[in-house]
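>>> I'll drop the sequence and a predicted model, then ask my questions.
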Amino acid sequence: MSHTLLLMGPLLPSVQQTLESSYTVHRFWESDDQAKLLSELSSSCVGVVTDGGRGVEASVLEKLPHVKIVSVFGVGVDAVDLAYCAKHHIPVTNTPDVLSDDVADLAIALALASSRMMVVGDRYARAGRWPREGGMPLTRRVMGKRAGIFGMGSIGEALAKRLVGFGMDISYCNRSAKANSEHRFVASLEEMAASVDYLFVTASATPGTIGAINAAVLDALGPDGYLINVSRGTLVDEPVLVSYLQNNKIAGAGLDVFNDEPNIPDALFALDNVVLQPHHASGTWETREAMGQLVLDNLGAHFSEKALLTPVS
Ligand code: 8YV
């Protein structure tokens, strides 16, 4: 008999199909009576599969005492109750590295799109304003500017490689300096923000980083600085960011992530100095397939009692 798993939300169809053909999978998000489903699965469910946004709460895990693995389709595990998992010796796996290049690409795209006002330009062109009014207003150059990366993990490193190609001067702020990094380490986020034109947020959401991009950091970034966030909305004090964008206290922002996804603060829709994406930095076929394969491989390793490929430490 195949192992019983609880799937918290839909996955890429090909991945979900493979999962459902290899295991007995119960779809949590489709259930009309989730409490009943959890009680029915309490003695049989041995694993949970979820994505980075949904994670899994202790209130679900408590009802499934035989769960021995949580496999996350995503690198961020902030929505998983890690303390509960640690206490109950439930290993958690995620999908690092395979998504880093695409997330870094989107960070670059957001920096270019916000500086070069690409969305404004697109609207300008489509509205037929070019022949009527002439060229759109001038924008700001990216090449050769100063970039600060908050979080120099695999995504930060992939981003730095790209920024080198833009001739940028690169600093980074991390828990500690990276032994082999050629870039400048700055221990204080505020200090780094004061010395860059682009502040990229690529750190994972932890108690130490949540709320880190606050008024003091945005003041330091200043009216010529751009904030690019491809990590988690929770790292930023969102109401403060909205007011800084409304009042041009920073030059602009490129945002893939928000505090209350899928809801984006209405005020941002009215602003030309922000480029918005619906949390899609890893959203390519190639990366989502690789993430799905890693989810399946981690489950396969767990159920055949082999070492997990990408356990969250
Ligand atoms: C995904 C993510 O959008 O990896 C993460 O942590 O947030 C994203 O890659 C998400 O997990 C897929 O639904």
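That came through fine.
>>> break down the stretch 1-150 of the chain into its helices, ranges please.
In the stretch 1-150 of the chain, the helices defined using DSSP state H, counting those that start in this stretch lie at 13-22, 34-41, 58-61, 82-87, 100-115, 118-126, 129-133.
>>> looking at the ones you listed, which is closest to the ligand?
Minimum separation from the ligand across the helices of the stretch 1-150 of the chain (CB to the nearest ligand atom) falls at helix 100-115, 7.1 Å. No exception for glycine: its C-beta is placed from N, CA and C like everyone else's.
>>> around the ligand, pick out the residues from the stretch 51-200 of the chain.
51-53, 73-76, 99 (CB under 6 Å from any ligand atom).
>>> widest-spaced pair of these?
Across these, the two members that end up farthest from each other (CB to CB) are 53 and 99, 13.7 Å apart.
>>> okay, those two: which has more neighbours?
residue 99 (26 against 17; other CB atoms under 10 Å).
>>> now the more buried one, nearest residue through space, not along the chain?
residue 282 (4.1 Å; CB to CB, 6 or more residues apart in numbering).
>>> give me the pLDDT for the one you found.
With respect to pLDDT, residue 282 scores 98.
>>> same deal with the one 10 residues further on?
According to the predicted model, the pLDDT of residue 292 comes to 98.
>>> measure it to residue 12 for me?
5 Å (CB to CB, to the nearest Å).
>>> comparing those two, which residue is more hemmed in?
Neighbours were counted for residue 292 and for residue 12 using other CB under 10 Å; residue 292 has more, 22 against 17.
>>> contacts only, for the residue nearest the centre of the chain.
By CA atoms, centre = their mean, the chain has its centre lying nearest to residue 231, at 3.6 Å. By CB atoms under 8 Å, 6 or more residues apart in numbering, the contact list for residue 231 reads 76, 151, 155, 201-205, 257.
>>> again, only this time at 6 Å
For residue 231, the contacting residues are 201-203, by CB atoms under 6 Å, 6 or more residues apart in numbering.
>>> which among the residues of the stretch 51-200 of the chain next to the ligand gets closest to residue 235?
Using CB to CB, residue 76 comes nearest to residue 235 of these, at 10.7 Å.
>>> and that closest one, what does it touch?
52, 204 are the contacts of residue 76 under CB under 6 Å, 6+ apart.
>>> follow-up on the earlier one: out of the residues of the stretch 51-200 of the chain next to the ligand, which sit inside strands?
51, 73 (DSSP state E).
>>> export the residues of the stretch 51-200 of the chain next to the ligand to TSV and tack on pLDDT?
Shown next, in TSV, are those (pLDDT from 0 to 100):
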residue	pLDDT
51	97
52	94
53	94
73	98
74	98
75	98
76	98
99	98
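>>> quick check: the residue nearest to residue 66 when sequence neighbours are not counted vs the ligand, distance?
Spatially, and ignoring its direct neighbours in sequence, residue 66 is nearest to residue 46 (5.3 Å; CB to CB, 6+ apart). Distance, residue 46 to the ligand, using CB to the nearest ligand atom, to the nearest Å: 22 Å.
>>> my guess is residue 46 contacts residue 65. True?
No - between residue 46 and residue 65 there is no contact under CB atoms under 6 Å: 10.3 Å.
>>> show me which of these two is the more surrounded one.
Taking neighbours as other CB under 10 Å, residue 46 and residue 65 compare with residue 46 leading, 18 against 10.
>>> residue contacts, residue 122?
Per CB under 6 Å, 6+ apart, neighbours of residue 122: none.
>>> which strand or helix spans residue 267?
Using DSSP states H and E, residue 267 sits in helix 266-269.
>>> following that helix, which helix or strand shows up next?
As assigned by DSSP H and E, the chain's next helix or strand after helix 266-269 is strand 274-276.
>>> packing partners of that next one?
On a contact count with 3 or more CB pairs under 6 Å, 6 or more residues apart in numbering; DSSP states H and E, strand 274-276 meets helix 100-115, strand 252-255.
>>> how about whichever helix or strand comes after that strand: buried residues?
Downstream of strand 274-276, the first helix or strand assigned by DSSP H and E is helix 285-303. Across helix 285-303, burial judged by 16 or more other CB atoms under 10 Å covers 287-288, 290-299, 301-303.
>>> near the ligand, from the residues you listed?
Of the buried residues of helix 285-303, not one also sits near the ligand (CB under 6 Å from any ligand atom).
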